[in-house]
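Novice: attaching a predicted model along with its sequence, questions to come.
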Amino acid sequence: MSEPILKATNLSRHFKVGGSLFRKPKILRAVEDVSLTVQQGETLAIVGESGCGKSTLARMLMRLIEPTSGQMTFEGRQIDLAQGRALTELRRDMQFIFQDPFSSLNPRMTVGRLVGEPIETHAPQLSARERRAKVAELLAQVGLRPEHADRYPHEFSGGQRQRIGIARALASGPKLIIGDEPVSALDVSVQAQVINLLADLRDRLGLTLVVIAHDLAVIRHMSDRVAVMYLGSVVEEGGTDDIFARPRHPYTRALLSAIPVAEYGRTRQQIPLEGEMPSPLDPPSGCRFHTRCPFARDACKTEAPVLRATDTAPGHRAACHFFEEIAAENPPPPATEGSGRTDAARARFALYADAIAGTETRPRAET
Amino acid sequence: MKRGLDGGEEACSFNQSTNGLTLAQNSLSSASTPLLEVRALSLGFGPSRTELLKGVRYAVNAGQTLCIVGESGCGKSVSSLAIMGLLPKGAARITEADIRFRGEPYDLSDPAALRRHRGADIAIIFQEPMTSLNPAFRVGDQIAEAVTAHNDVSDAQARDRAIEMLRRVGIPAPEARMNEYPHQLSGGMRQRVMIAMALANDPALLIADEPTTALDVTIQSQILDLIRNLQAETGMGTIMITHDLGVVAEIADTVAVMYAGTIVEAGPVERIFNDPQHPYTIGLMSSMPKLTGPRERLATVPGTVPTTDTMPPGCRFSTRCPFARPICAETPPDHALGDGHRALCHFAPLNQRLERA
């Protein structure tokens, strides 16, 4: 594969919490020693539960938060120290889609100005008329109409606002887009529309995507590669299909086994996780997952594991001392398949999919 | 101290009916009549003449779980708030309400009667436990208040009951947790406190409004297990309101699919998942990314939910339905499809009544 478009090496971000003149502040280790590479044209998903540091990581990659330590390169250029013009250029090539389409759009600006603003910054040579044409083109690209440019965000539904956010991100002509939970605030039916839109845009514009999410089904659908985070560190990474079929880290396995599947009669055996994620103010020693890991041994309490290659597929790595033994001794929990849809129901789903795709339907003459 | 909306204010009679008694009553009544039967519920807000809820109808038996599934704004929460009598006074115009609770008429226009039920034999838990708990009071006091509101007990007895409930919902060291404030607890722990409060008076019916939506998936499965176990212990009926079809498949006995204020399809969980009939149910299921099988482009439900101003006549799904035809401007028939499975669609079952042109 070619040179990675984005590369992060040993990134950390610590926040100081509390403290005063006479008391040392506590250190919150939001992201600890994370290394990632994103290849040109791929979609990388970063998954984890709330508080695992995935949003902090995304904002660091975007330089919205300064890293405490570590290096980042974008297309080979070092970006962790970029300032001024270099940073502006970086923002042209890298854009961000926020989770909440309600708070991330300025309510006092029209859609036209919201989408036009990045164009003003990154292509100041364009005349107002050219800019307006470009805004109309961007709105069409995300499935909105040109006349929407004169309206305000509150006039739109959540899904439409997210489309506005995407149009705004596309306005500077970026090569890479980072989405922080870009679809999780949306209802299922609208979420599917936005997922399809992002896939279309990626293919049409040759974009590279980094998607932060907690919904594993969404991630499986959208991404080529997955990095699983727990308490500030990447615990497992690899190809999406491989991770979902052969997860190696106990946390990934527990996470996958906890998702309720929308299928009747499917029983799954869960790997129960006790308790909750410890505080990043006071992370456990050794392997950070050992306090909840059902397979933890003594060594896990003292030695911190590092990411190492697994036997399953190239590029699949897990940070666990014992994943080989655990995988051998604990085969994936058996899941009984659901009883499955009836043939008539399958015919109905096929008919629906065809109708959505544009096939005409008509009532049968005789039922 | 009257800030908590739900069980915080009101509670029931655990001292009069022990667990065993409640269980016996519930299983008796389940054989004959549903625990809660909403035969028809319609209501509107403000000046708009369009009813937000139109002819909503569902039933739940003791010991069983009904899942009401739908997207934001479909009215799934409003219907349960109406039943609890928690809609702001004067805001809602209830135009039709024929409801039975344990076979007896349940009168939404009688606030005093609703208050006797609320938190006593009907309890509710909400999605966001942080805003449903009063931040200024210790959680133990809030649970104890739910007990004293409906029972003639001493403070010490109420306190003991609160500790017992915290233990039952799996909170470690309940005596110490009693004295903590809501902000000192994690999201999962807060939801456990809410459940403890709701169940403090052994309700016959628990309404859970998106109880796990704000939680992480590993915590979600802990809470679902907890609700399931408590239900098996007490024999209460549960109405679970959710947008997550995965949760539905996991815990429902019966399902009601709601769209724009109407129940468009309802039936046993197996029928809904394996043999769905309504185009909206099919669209909703097609929109969900899958965890297994090939990754294909998602078939979506086009467009957005109509507002009360743009609500179409007849079938409310007609503006987004790929099969819509002129007849859909007329109110669709309620097709009974056997085993309590029904769908509100002119063309159900689709594959028998429609074909590719």
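Specialist: Thanks, I have it.

Novice: quick one: pLDDT of residue 208?
Specialist: Answering for chain A, as no chain was given. A:Thr208 is assigned a pLDDT of 95 by the prediction.

Novice: please go with chain B instead
Specialist: 94.

Novice: try B:Gly4
Specialist: 37.

Novice: again, but for the one 4 residues further on
Specialist: B:Gly8 is assigned 38 on the pLDDT scale.

Novice: do A:Tyr264 as well
Specialist: What the model reports as pLDDT for A:Tyr264 is 86.

Novice: now do the contacts for the closest residue to it other than its chain neighbours.
Specialist: Counting by Cβ to Cβ, 6 or more residues apart in numbering or on different chains, the nearest residue to A:Tyr264 once its immediate chain neighbours are dropped is B:Phe273, at 3.7 Å. Any C-beta I mention is one placed from the backbone N, CA and C, and that applies to glycine too. For B:Phe273, the contacting residues are A:Ala262, A:Glu263, A:Tyr264, A:Gly338, A:Arg341, B:Ala249, B:Met285, taking Cβ atoms under 8 Å, 6 or more residues apart in numbering or on different chains as the criterion.

Novice: ok, B:Arg342 next?
Specialist: By Cβ under 8 Å, 6+ apart, the residues touching B:Arg342 are B:Glu265, B:Ala266, B:Gly267, B:Asp334, B:His335, B:Ala336.

Novice: where do the strands sit along chain B?
Specialist: Secondary structure of chain B by DSSP state E: the strands cover B:36-45, B:53-60, B:65-69, B:92-101, B:104-105, B:122-125, B:205-209, B:237-242, B:254-259, B:262-268, B:334-336, B:342-344, B:354-356.

Novice: count the neighbours of A:Gln270 for me.
Specialist: A:Gln270 is flanked by 16 other residues according to other Cβ atoms under 10 Å in any protein chain shown.

Novice: I'd guessed it sits against A:Ser257; true?
Specialist: Yes: taking contacts as Cβ atoms under 8 Å, A:Gln270 lies within contact range of A:Ser257: 4.7 Å.

Novice: go through chain A and flag its longest helix.
Specialist: For chain A, the helix with the greatest residue count under DSSP state H is helix A:188-205.

Novice: local confidence estimate at A:Gly315?
Specialist: A:Gly315 is assigned a pLDDT of 90 by the prediction.

Novice: check the one 3 residues further on too.
Specialist: In the predicted model, A:Ala318 carries a pLDDT score of 95.

Novice: which parts of the stretch 101-250 of chain A are strands?
Specialist: Under the criterion DSSP state E, counting those that start in this stretch, the stretch 101-250 of chain A contains strands at A:176-180, A:208-213, A:225-230, A:233-239.

Novice: one step back: and the angle for the longest helix of chain A with strand B:65-69?
Specialist: Comparing the axes of helix A:188-205 and strand B:65-69 via axes from the mean of the first three to the mean of the last three Cα atoms, to 10 degrees yields an angle of 50 degrees.

Novice: residues of helix A:188-205 that come out buried?
Specialist: Neighbour-count burial for helix A:188-205, counted by 16 or more other Cβ atoms under 10 Å in any protein chain shown, picks out A:188-199, A:201-202.

Novice: out of those residues, which are close to chain B?
Specialist: The subset of those lying close to chain B, counting by Cβ under 8 Å from any Cβ of the partner chain, consists of A:Val188, A:Ser189, A:Val190, A:Gln191, A:Ala192, A:Gln193, A:Ile195, A:Asn196, A:Ala199.

Novice: closest to B:Ala204 among the residues you listed?
Specialist: The nearest member of these to B:Ala204, counting by Cβ to Cβ, is A:Val188 at 31.7 Å.

Novice: mind listing what the closest one touches?
Specialist: Here A:Val188 is in contact with B:Glu71, B:His243, B:Leu245, B:Leu284, B:Ser287, B:Met288 (Cβ under 8 Å, 6+ apart).

Novice: could you do A:Ile5 as well?
Specialist: Under the criterion of Cβ under 8 Å, 6+ apart, the contact partners of A:Ile5 comprise A:Val38, A:Gln39, A:Gln40, A:Phe74, A:Glu75, A:Lys175, A:Leu176, A:Thr208.

Novice: A:Leu44 contacts A:Lys54, correct?
Specialist: No: at 11.7 Å, A:Leu44 does not count as touching A:Lys54 under the criterion of Cβ under 8 Å.

Novice: who's more crowded, these two?
Specialist: Here A:Leu44 and A:Lys54 are set side by side on neighbour count (other Cβ under 10 Å), and the busier one is A:Lys54, at 27 against 23.

Novice: pLDDT score for the more buried one?
Specialist: According to the model's per-residue confidence, A:Lys54 sits at a pLDDT of 90.

Novice: now it: phi and psi?
Specialist: A:Lys54 adopts backbone torsions of phi -70, psi -40, taken as degrees, to the nearest 10.

Novice: any idea how far it lies from chain B?
Specialist: Between A:Lys54 and chain B the distance, using Cβ to the nearest Cβ, to the nearest Å, works out to 12 Å.

Novice: where does pLDDT dip in chain B?
Specialist: Judged by pLDDT under 70, chain B has its weakly predicted residues at B:1-32.

Novice: who wins for neighbours among the contacts of B:Arg342?
Specialist: For the contacts of B:Arg342, neighbours were counted using other Cβ under 10 Å, and B:Glu265 has the most, 29 neighbours in all.

Novice: for the stretch 151-300 of chain A, what spans make up the helices?
Specialist: Under the criterion DSSP state H, counting those that start in this stretch, the stretch 151-300 of chain A contains helices at A:158-170, A:188-205, A:216-222, A:240-245, A:250-258, A:298-302.

Novice: let me have the ones you listed in JSON lines, adding mean pLDDT as columns.
Specialist: Supplementary listing: the helices of the stretch 151-300 of chain A in JSON lines, determined by pLDDT from 0 to 100:
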{"stretch": "helix A:158-170", "mean pLDDT": "92"}
{"stretch": "helix A:188-205", "mean pLDDT": "91"}
{"stretch": "helix A:216-222", "mean pLDDT": "92"}
{"stretch": "helix A:240-245", "mean pLDDT": "92"}
{"stretch": "helix A:250-258", "mean pLDDT": "91"}
{"stretch": "helix A:298-302", "mean pLDDT": "92"}
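
Novice: how near is A:Cys52 to chain B?
Specialist: Separation of A:Cys52 from chain B (Cβ to the nearest Cβ): 9 Å.

Novice: would you check that that residue makes contact with A:Leu231?
Specialist: Yes: using Cβ under 8 Å, A:Cys52 and A:Leu231 qualify as a contacting pair, with a distance of 6.0 Å.

Novice: anything in contact with each of the two?
Specialist: Listed contacts common to A:Cys52 and A:Leu231 are A:Met277; contacts here mean Cβ under 8 Å, 6+ apart.

Novice: re the thing from before, buried subset of the contacts of A:Ile5, written for ChimeraX?
Specialist: To isolate the buried ones among those in ChimeraX, judged by 16+ other Cβ under 10 Å, type:
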select /A:38,39,40,74,175,176,208
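
Novice: with distance to chain B as added columns, please give the contacts of A:Ile5 in CSV.
Specialist: Converted to CSV, the contacts of A:Ile5 look like this (distance: Cβ to the nearest Cβ, whole Å):
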residue, distance to chain B
A:Val38, 20
A:Gln39, 19
A:Gln40, 21
A:Phe74, 28
A:Glu75, 29
A:Lys175, 24
A:Leu176, 22
A:Thr208, 19
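
Novice: and which of the contacts of A:Ile5 is nearest A:Gly48?
Specialist: A:Val38 (17.0 Å).

Novice: leaving aside the residues next to it on the chain, what's closest to the closest one?
Specialist: Leaving out its chain neighbours, the residue that sits closest to A:Val38 by Cβ to Cβ, 6+ apart is A:Leu6, at 4.2 Å.

Novice: next: B:Ala162.
Specialist: For B:Ala162, the nearest residue in space outside its immediate sequence neighbours is B:Ile143; the separation is 3.9 Å by Cβ to Cβ, 6+ apart.

Novice: contact partners for the one you found?
Specialist: By Cβ under 8 Å, 6+ apart, the contact list for B:Ile143 reads B:Arg161, B:Ala162, B:Met165, B:Leu166, B:Val193, B:Ala196, B:Met197, B:Ala200.
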